[in-house]
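Q: Sequence first, predicted model second:
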Amino acid sequence: MDEQPRLMHSHAGVGMAGHPGLSQHMEGTGGTDGDGRKQDIGDILQQIMTITDQSLDEAQARKHALNCHRMKPALFNVLCEIKEKTVLSIRGAQEEEPPDAQLMRLDNMLLAEGVSGPEKGGGSAAAAAAAAASGGGAGADNSAEHSDYRAKLSQIRQIYHTELEKYEQACNEFTTHVMNLLREQSRTRPISPKEIERMVGIIHRKFSSIQMQLKQSTCEAVMILRSRFLDARRKRRNFNKQATEILNEYFYSHLSNPYPSEEAKEELAKKCSITVSQVQTRGSSGSFTICTLFVQVSNWFGNKRIRYKKNIGKFQEEANMYAAKTAVNATNVSSHGSQANSPSTPNSAGSAGSFNMSNSGDLFMSVQSLNGDSYQGAQVGANVQSQVDTLRHVISQTGGYSEGLTASQMYSPQGINANGGWQDATTPSSVTSPTEGPGSVHSDTSN
DNA sequence: AGTGATGATTATCC
DNA sequence: GGATAATCATCACT
């Protein structure tokens, strides 16, 4: 071998036709005899053309001879030029590729989860979500879980970074290796820097696709970790007594329409010291999203509605208790306030005014006899909205109010529904067994 | 350990 | 999207 690795150089204005580049080089290397040069070129080309027909040994020998030929550098350059003009121009156009959206999503997620990016105590959003989800108004004795979660997350983080580093290292090593190989090969075949660049690009793309798989599996690992730690069902905590009371109070005082608005939920959550819960939900696409809602309150009401509806009898006692409580509270409010609404006619303001009492009068009495005290309380200060509902509840126990269309229209859009609505669902047992004790006729199939 | 209560999740419906 | 019904998983009490 007589030369350094010879990379292709681009020659402006050098084309194939007429081979001016070759003639230039010829002048630099050849003698003054034009016929002799032509003869040389003819010989070389002839040898190159027939080299494939020869045996391996012969070809090797011929290659070596050609390599040592004085015309070789010139011919090499010409071949490089030709190759550059043809091959690269064809491929060059289709190399642009758009930034990968999927990769960006993964990157964002890893960043949000605290896996990639700067260390911040084991994942910011996730840790916060964990805190909120498992905190749930039940106290803050979940630090052990947190540290466990953080430990696992940082484990994932560590593995991720180690793997990433490995991939990068491997990528670099492989790239260097390929570059060296190409440089080596450039002695015997025309390889341009551009070509090497392109090859490096291909390698990088291959490795980044591997990286993407790493990112994907890391994301999955984090999701699994999250679902395990944040799945509050696994670590369910009952609300404390106070919270339950507050929720129950609201429920029974809005029995006609126990669907708290978002504002009401917020208020209740605050009252109950229920933290804003961030929950993980899986969308239709299977991806996880974090939504911030007063889920716990919603869950509570959802459960309460369904369980109340299923077995009113069982909840009757509780209902009466809260009805009384609410009524007493309202009484206190109204008696302390400046309002002069007379509570002397208990039925007038709250129930009789709103509900169709025509067919519930006697049943109404039966409620009085059932829980006289509580109902007495409900009769006082009946001008308060909550009392109306309270009374409606008491009446509902007798099966009376659901018949009252006006009441339904007034308080509960759902109550208007003839079938499957809230009121309708509450009535049957009350109607059939208004005076029965708790849990009398209902089959609780809830569990 | 057994069991009911209860908070959360899931599937389905509207 | 929210509500419901069914179900799961855990708590809490016995």
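A: Yep, it's here.
Q: now the helices: where do they sit in the stretch 101-250 of chain A?
A: Under the criterion DSSP state H, counting those that start in this stretch, helices of the stretch 101-250 of chain A are mapped to A:101-113, A:124-135, A:143-185, A:193-230, A:241-253.
Q: which of those has the lowest average pLDDT?
A: With a mean of 44, helix A:124-135 has the lowest mean pLDDT of the helices of the stretch 101-250 of chain A.
Q: circling back to that earlier point, redo the helices of the stretch 101-250 of chain A as TSV? Include distance to DNA strand C and mean neighbour count.
A: C-beta: built from backbone N, CA, C; applies to glycine. Output for the helices of the stretch 101-250 of chain A, formatted as TSV (distance: least, CB to the nearest atom of the strand, whole Å; neighbours: other CB atoms under 10 Å):
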stretch	distance to DNA strand C	mean neighbour count
helix A:101-113	19	15
helix A:124-135	10	20
helix A:143-185	10	15
helix A:193-230	9	16
helix A:241-253	10	20
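Q: Go through those helices and name the closest to residue A:331.
A: Closest to residue A:331 of those is helix A:241-253 (CB to CB; 13.1 Å).
Q: What's the separation between residue A:217 and residue A:40?
A: Residue A:217 sits 61 Å away from residue A:40, going by CB to CB, to the nearest Å.
Q: Equivalent analysis for residue A:238, please.
A: 97 Å.
Q: For the two, work out which one has more neighbours and name it.
A: Neighbours were counted for residue A:238 and for residue A:40 using other CB atoms under 10 Å; residue A:40 has more, 18 against 10.
Q: Report the separation between that one and residue A:208.
A: 49 Å.
Q: same check, this time on residue A:197
A: In terms of CB to CB, residue A:197 sits 16 Å off from residue A:208.
Q: which ones are touching residue A:116?
A: By CB atoms under 8 Å, 6 or more residues apart in numbering, the contact list for residue A:116 reads A:107, A:110, A:160.
Q: Please report phi then psi for it.
A: Per-residue torsions, residue A:116: phi -90, psi 180 (degrees, to the nearest 10).
Q: Domain map for chain A?
A: Domain segmentation of chain A under the TED database yields A:55-93, A:101-117+A:143-231, A:241-277+A:287-332.
Q: In JSON lines, list those along with distance to residue A:46.
A: JSON lines is the format used below for the domains of chain A (distance: least, CB to CB, whole Å):
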{"stretch": "domain A:55-93", "distance to residue A:46": "11"}
{"stretch": "domain A:101-117+A:143-231", "distance to residue A:46": "19"}
{"stretch": "domain A:241-277+A:287-332", "distance to residue A:46": "65"}
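Q: among those, which is nearest DNA strand B?
A: Among the domains of chain A, the nearest to DNA strand B by CB to the nearest atom of the strand is domain A:241-277+A:287-332 (3.6 Å).
Q: Report whether that closest one contacts DNA strand B.
A: Yes. Using CB under 7 Å from any atom of the strand, domain A:241-277+A:287-332 reaches DNA strand B at A:244, A:277, A:295, A:296, A:299, A:300, A:302, A:303, A:307, A:314.
Q: By neighbours, which of the residues you listed wins?
A: When neighbours are counted by other CB under 10 Å, residue A:296 leads those with 27 neighbours.
Q: and the angle for the helix or strand it falls within with helix A:241-253?
A: Taking DSSP states H and E as the definition, residue A:296 sits inside helix A:295-310. Taking axes from the mean of the first three to the mean of the last three CA atoms, to 10 degrees, one finds helix A:295-310 and helix A:241-253 inclined to each other by 50 degrees.
Q: Now helix A:295-310: average pLDDT?
A: On average, helix A:295-310 scores 90.
Q: touching DNA strand C at all, it?
A: Yes. Using CB under 7 Å from any atom of the strand, we find that helix A:295-310 touches DNA strand C at A:298, A:302, A:303, A:305, A:306, A:309, A:310.
Q: hey, C-alpha coordinates of stretch A:307-319 in CSV?
A: Taking Å, rounded to 0.1, in the frame of the first residue of the first chain, the C-alpha atoms of stretch A:307-319 are listed here in CSV:
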residue,chain,number,x,y,z
ARG,A,307,-76.3,1.6,48.6
TYR,A,308,-79.0,3.7,50.0
LYS,A,309,-81.2,3.0,47.0
LYS,A,310,-80.5,-0.7,47.3
ASN,A,311,-81.5,-0.9,50.9
ILE,A,312,-83.4,2.1,52.2
GLY,A,313,-84.6,0.2,55.2
LYS,A,314,-81.1,-0.4,56.4
PHE,A,315,-80.3,3.3,56.1
GLN,A,316,-83.6,4.5,57.6
GLU,A,317,-82.3,4.9,61.1
GLU,A,318,-79.3,6.7,59.9
ALA,A,319,-81.4,8.8,57.6
